[in-house]
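show me the folded form of this:
(4 chains)
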There are 2 protein chains.
Amino acid sequence: MTRQRKVILDTMKGVTSHPTADQVYQMVRRRLPHVSLATVYRNLEILSEHGMIQKLELAGAQRRFDGNVESHYHVRCTRCGRTEDLPMEIIPHLDSMVQGISDFDVAGHRLEFMGLCPKCKSENKDIAGPGKTYSPSTQTNE
Amino acid sequence: MTRQRKVILDTMKGVTSHPTADQVYQMVRRRLPHVSLATVYRNLEILSEHGMIQKLELAGAQRRFDGNVESHYHVRCTRCGRTEDLPMEIIPHLDSMVQGISDFDVAGHRLEFMGLCPKCKSENKDIAGPGKTYSPSTQTNE
DNA sequence: TTTCCTGCAAAAGGTTTGCATGAGC
DNA sequence: GCTCATGCAAACCTTTTGCAGGAAA
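From the prediction side, this is the model:
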């Protein structure tokens, strides 16, 4: 636990926004002017691997496109990145629920489930037994 | 509606996966060997602007981090990209619902609401009147 | 004809990596 | 002392853009 990592974690804990790596870098630099952007990236990665902060992403880092324009939900495999449509109705009352507790004009939502796909499930069994827990860092993205 | 755009749209409609731009490029190239990646990017953008395909993203294109590791939901402004935490309980029975209709081992979900933040709401009023509809392409991302 | 689109190549981000030095334990 | 982390710079990958020629309407 180096000085840099401590300051980065501290910065993240002291802020309710959802900064990009570069924004974190700018904030950290006010306390450690010589920190490098690479260090910030490396530590954000490490901290999120250890569950001390969260990385926000949908369908992995790279942009993905969907030919189905109807509102629908997805499941994504946390191990291999495979994403599938879910055959379920959208839940319309969620939007009105949020309308009451936030000052945004809510116009819709996205919902993505995470889990293990059948293939990764069985591979997991072979390698580490059925009890293995989800590790986002081992994700291979299809 | 050029030949290229037609093939790109057709490719997207013929596939249930959620390809990246590069994967679309590879598929389109089988029918139009001389298509360029830039054309694919441009058309995916245009097609999603016109609501003919969907762009999947959470919190915009750039990666974002969150110091709050407890499960919680977000609202994101579709105009400026500002993202806020929502003061609401997570809905645990969603996961078991999906467990029944998919062959994934579901371990959790992410839910993000989209809408206009108060600031963009009032700016919208000034510029285009209250009726203006959401245009993802005008997003400035904070 | 006028407009918009394409392909190519270069540029522009954002993120990751190699390497030698330096801090943590 | 050994390991792991840092800073710097270069590499990498994805996405965007400028431009001249070409297709669409």
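
give me phi/psi at residue A:100?
Here is the backbone geometry of residue A:100 (degrees, to the nearest 10): phi -80, psi -30.

neighbours around it, how many?
By other C-beta atoms under 10 Å in any protein chain shown, 8 other residues sit near residue A:100. For the C-beta atoms, the positions are set from N, CA and C on the backbone; glycine is no exception.

report the contact partners of the spatially closest residue to residue A:75 that is not a sequence neighbour.
Leaving out its chain neighbours, the residue that sits closest to residue A:75 by C-beta to C-beta, 6 or more residues apart in numbering or on different chains is residue A:113, at 4.4 Å. Going by C-beta atoms under 8 Å, 6 or more residues apart in numbering or on different chains, residue A:113 touches A:73-76, A:86, B:94-95, B:98, B:102, B:104, B:106, B:108-109.

give me the buried subset of the residues you listed.
When the contacts of residue A:113 are checked for burial by 16 or more other C-beta atoms under 10 Å in any protein chain shown, the buried set is A:73, A:74, A:75, A:76, A:86, B:94, B:95, B:98, B:102, B:104, B:106, B:109.

need the residues you listed in JSON lines with distance to residue B:45, can you?
JSON lines is the format used below for those (distance: C-beta to C-beta, whole Å):
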{"residue": "A:73", "distance to residue B:45": "24"}
{"residue": "A:74", "distance to residue B:45": "21"}
{"residue": "A:75", "distance to residue B:45": "26"}
{"residue": "A:76", "distance to residue B:45": "23"}
{"residue": "A:86", "distance to residue B:45": "26"}
{"residue": "B:94", "distance to residue B:45": "32"}
{"residue": "B:95", "distance to residue B:45": "34"}
{"residue": "B:98", "distance to residue B:45": "31"}
{"residue": "B:102", "distance to residue B:45": "31"}
{"residue": "B:104", "distance to residue B:45": "30"}
{"residue": "B:106", "distance to residue B:45": "32"}
{"residue": "B:109", "distance to residue B:45": "28"}
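
who does the spatially most central residue of chain A form a beta bridge with?
For chain A, the residue nearest the mean C-alpha position is residue A:56 (3.2 Å; C-alpha atoms, centre = their mean). Beta-bridge partners for residue A:56, by DSSP bridges, are residue B:64.

enumerate the residues of chain A near DNA strand C.
Applying C-beta under 7 Å from any atom of the strand, we find that chain A lies next to DNA strand C at A:1, A:2, A:3, A:20, A:21, A:22, A:37, A:38, A:41, A:42, A:45, A:61.

now, which of those lie within helices?
A:3, A:21, A:22, A:37, A:38, A:41, A:42, A:45 (DSSP state H).

hmm, which two among those are most spread apart?
With C-beta to C-beta as the measure, no two of those lie farther apart than A:3 and A:22, at 20.5 Å.

neighbour count winner among those two?
The residue with more neighbours, out of residue A:3 and residue A:22, is residue A:22; 13 against 10, by other C-beta under 10 Å.

name the nearest residue to the more buried one, sequence neighbours excluded.
Using C-beta to C-beta, 6+ apart, the closest residue to residue A:22 is residue A:37 (7.2 Å).

before we move on, what about residue A:102?
Computed as C-beta to C-beta, 6+ apart, the closest residue to residue A:102 that is not its neighbour in sequence is residue B:75, at 5.4 Å.

could you point out which element follows the helix or strand encompassing that neighbour?
Using DSSP states H and E, residue B:75 sits within strand B:74-77. Next in sequence after strand B:74-77, counting helices and strands by DSSP H and E, comes strand B:83-85.

mind listing what that next one pairs with, with the direction of each?
With DSSP bridges as the test, strand B:83-85 pairs up with strand B:74-77 (antiparallel).
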